[in-house]
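Asker: Can you look at this prediction? I've put the sequence above it.
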Amino acid sequence: MLVKEIKDGQQESYDDLMQRHQQKVYRIAYSFARSEQGAMDITQNVFLKAYENIGRFREDSQFKTWLTRISYNEGRNWVRKNKNHSVHEDLNSHVAEASSPVTQEDEYLASENKTILLRSLYELNTKYRLAIVLRYFENYSIRDIAETLNCSEGVVKNMLFRSLQKLKKYLTMTEFGEDNEYRKRN
């Protein structure tokens with residue numbers, strides 16, 4: 001296991017571990033920062049903290065859960081430090097993992113849909129947004145999300161249900177051009 005190798009002092013194993021989890025950490029970081037630079041700062045801090053504290057990792061949970069918890073905490077810290085900082089959303093650079101559309105029209109529509117989806121995710125509070133990202137973008141189990149967010153599985157299920165309801169409502173309102181109305185009411 002890579003974690004054991006790292007604890008034994010094998011630096012190259014940490015590089016492998018970092019590469020394996022880099023995209024996941026970046027996506028979580030981006031959900032907090034909403035900018036490429038902020039996400040990169042958070043990601044760098046996450047991997048630095050993970051490296052400094054790898055000796056404390058108890059192998060009674062999965063490494064990805066431990067790393068996600070660090071990502072969550074670093075994201076929250078970043079938001080607190082930068083709450084007065086103006087954040088510019090670079091939505092198009094964030095989501096690049098979707099399959100490439102065939103035509104320019106398909107590409108445009110896919111880009112518009114990604115933008116609308118990301119904006120709707122930003123309407124959720126931080127914990128709810130992270131639960132959605134972990135469940136539907138990172139394929140975490142309910143148990144892993146509960147462990148990461150330090151809550152019960154029932155709370156996670158409730159958060160996911162409520163988040164999906166809010167997303168559906170927001171997306172419906174956006175489709176009918178009622179985006180500003182929705183923000184005023186919620």
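Answerer: Yes, it's here. Since the model is a prediction, treat every value here as computed from it, not as a measurement. Residues are numbered from 1 along each chain as shown.
Asker: and the residue nearest the centre of the chain, what element?
Answerer: By C-alpha atoms, centre = their mean, the chain has its centre lying nearest to residue 28, at 2.3 Å. Applying DSSP states H and E as the criterion places residue 28 in helix 11-33.
Asker: can you list the residues that contact that helix?
Answerer: The contact list for helix 11-33 (C-beta atoms under 8 Å, 6 or more residues apart in numbering) reads 2-3, 5-6, 36, 38-43, 46-47, 51, 54, 63-64, 67-68, 71-72, 74-76, 78-79, 82, 87, 94, 97, 121, 126, 129-130, 133-134, 137-138. From N, CA and C alone the C-beta is placed, and that goes for glycine too.
Asker: repeat that with 7 Å
Answerer: In this structure, residues lying in contact with helix 11-33 by C-beta atoms under 7 Å, 6 or more residues apart in numbering are 2, 5-6, 39, 42-43, 46-47, 51, 64, 67-68, 71-72, 75, 78-79, 87, 94, 126, 129-130, 133, 137-138.
Asker: Low-confidence regions, the protein specifically.
Answerer: Within the chain, the stretches with pLDDT under 70 are 1-10, 84-102, 104, 106-111, 113-114, 175-186.
Asker: any chance you could map the helices in this protein?
Answerer: For the chain, the helices defined by DSSP state H occupy 2-7, 11-33, 36-53, 63-81, 91-94, 104-122, 126-132, 142-149, 153-175, 179-185.
Asker: Flag every buried residue along the helix holding residue 28.
Answerer: 13-14, 17-18, 21, 24-33 (16 or more other C-beta atoms under 10 Å).
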